[in-house]
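Q: Pasting the sequence and the predicted coordinates here, then a few questions.
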Amino acid sequence: LYCFTVLYRIIYYSIVICYLGPDGEHHWSKHYPFCGGTFQSPIDIQTQLLRFDPTLRPIELQNYNLSANEQLTLGNNGHSIQLSLPRRMYLSSLPHRYTAAQLHFHWGSEHLPVGSEHTVNGRQFAAEMHMVLFNSDKYPNISVAADKSDGLAVLGVLIEVGEFNPAFAQFLKYINGIKYKDQRVQVPAFNIRSLLPVLLDEYYRYDGSLTTPPCYPSVLWTVFKNPVTISLKQFLALATAIYSSHQQESAPVAMNSNYRKPQYTDNRVVLCSFQGGEYGATLLPHYYHSTTTVLLEYYHSATTAIPQHYYSTTTAIPQYYHGTTTVLVQYYNSTTTVLVLPQY
Ligand SMILES: [Zn+2]
């Protein structure tokens, strides 16, 4: 059963979250009416519907490079693992100053390793990181900000299984100390910037909500276009070693598949900070697999034509038809890791 009691840290009262079963996410709105309302998150980001907004500046991080002399609290709150962040960390490139509070994760299971909350053209990634910040220009703390329409900002990072990620290892190496609910450990701080994608200027932006009850529609969402990778071993550490139950419970409940399904976009427009992301063809994440193989994926909504210059260097071109109008083509190039990405 995927039920767990949560001391919900943002609003400080005890609730029960279930993603499946009679109290699953489809029934959240019985007790939390906002969960059945508008401006809900996550969503499926459909690249043919994006609107380029030239005013979206690169995300600017302040005081993210923390010293190892400092300690951060890593905890298991029963529905995720969460790393506390010091209040001197903030974002300076949004309409208000947004001060950091915590980051946490959503992930899939060992046998179904897809657990991101946001999806892109229907594609779900292995996991997703959420860095939660609050509007400290207007509100004294995250509890007061949580239900205000301009109260929160979340940076979303899509995560896929691939290369080992040394930044994630900085806290994953301590998760055996938080296997069970309500356990906490102190971990040395590190450069939090290293958890984010290299490019902070390519992202999707929309107005949404908390993805867990009470689902307040208070979040300015930034979902980075480029995913980061973690190794399979790192993914399995999340998917198999963490429990949503207390240590003393006789039947431990594994914590996995702790994601909410995509919500209706309604009339919301998803903005993108980069050109080429809107309408027609969109280049989606490119992945560098090991040392010699490159996997490049892109989605083209208007045509099934494949650029000729890729034929000449690729060794295998499996083609997948994704939905009715979108074609996903994957290229495996075994001769080089340098790619010139096609522009449309
Ligand atoms: Zn989250």
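A: Right, received. Where do you want to start? Numbering: from 1, shown residues only.
Q: Going by C-alpha atoms from here, please, whenever you check contacts or count neighbours.
A: Fine.
Q: May I ask you to confirm that residue 157 is in contact with residue 130?
A: Yes. The pair residue 157 and residue 130 passes the contact test of C-alpha atoms under 8 Å, sitting 6.6 Å apart.
Q: more neighbours, those two?
A: residue 157 (25 against 21; other C-alpha atoms under 10 Å).
Q: Now name the helix or strand holding the more buried one.
A: Per DSSP states H and E: residue 157 is located in strand 152-161.
Q: Just the buried residues of the helix or strand that that strand is followed by, please?
A: Next helix or strand after strand 152-161 toward the C-terminus (DSSP H and E): helix 166-172. Neighbour counts over helix 166-172 (16 or more other C-alpha atoms under 10 Å) mark 167, 168, 170, 171, 172 as buried.
Q: okay, now the domains of this structure?
A: 34-272, 282-333 (automatic domain parsing).
Q: would you turn these into TSV with distance to residue 21?
A: What follows is the domains of the chain, written out as TSV (distance: least, C-alpha to C-alpha, whole Å):
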stretch	distance to residue 21
domain 34-272	13
domain 282-333	29
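Q: Quick check: which of those is buried the most?
A: domain 34-272 (a mean of 20; mean count of other C-alpha atoms under 10 Å).
Q: Give me the distance between the two termini of that one.
A: 26 Å (C-alpha to C-alpha, to the nearest Å).
Q: Do you have the helices of the stretch 201-344 of the chain handy? List them.
A: Under the criterion DSSP state H, counting those that start in this stretch, the stretch 201-344 of the chain carries helices at the ranges 232-241, 308-313.
Q: ok so, going back, could you tell me the least trusted of the domains of the chain?
A: In terms of average pLDDT, domain 282-333 trails the rest of the domains of the chain, at a mean of 33.
Q: quick check, nearest of the buried residues of helix 166-172 to residue 23?
A: Closest to residue 23 out of those is residue 172 (30.3 Å), distances taken as C-alpha to C-alpha.
Q: Tell me which residues touch the closest one, please.
A: 234, 237 (C-alpha atoms under 8 Å, 6 or more residues apart in numbering).
Q: One more: residue 129?
A: Contacts of residue 129 by C-alpha under 8 Å, 6+ apart are 103, 104, 105, 106, 155, 156, 157, 158, 159.
Q: hmm, try it at 7 Å
A: 103, 104, 105, 106, 156, 157, 158 (C-alpha atoms under 7 Å, 6 or more residues apart in numbering).
Q: Identify all residues paired with it through a beta bridge.
A: residue 105, residue 157 (DSSP bridges).
Q: cool, and residue 123?
A: Under the criterion used (DSSP bridges), residue 123 bridges to residue 120.
Q: And for residue 72?
A: Applying DSSP bridges, one finds that residue 72 bridges with residue 187.
Q: wait, doesn't it sit right on residue 191?
A: No. Using C-alpha atoms under 7 Å, residue 72 is not in contact with residue 191; the gap is 11.9 Å.
Q: Helices along the stretch 51-200 of the chain, start to end?
A: Listed in chain order, the helices of the stretch 51-200 of the chain (DSSP H, counting those that start in this stretch) span 142-145, 166-172.
Q: Of these, which is nearest residue 93?
A: helix 142-145 (18.7 Å).
Q: residues touching residue 104, list them.
A: Residue 104 touches 80, 81, 82, 83, 129, 130, 131, counting by C-alpha under 7 Å, 6+ apart.
Q: Excluding covalently adjacent residues, which one is nearest to it?
A: Excluding its sequence neighbours, the residue lying closest to residue 104 (C-alpha to C-alpha, 6 or more residues apart in numbering) is residue 82, at 4.3 Å.
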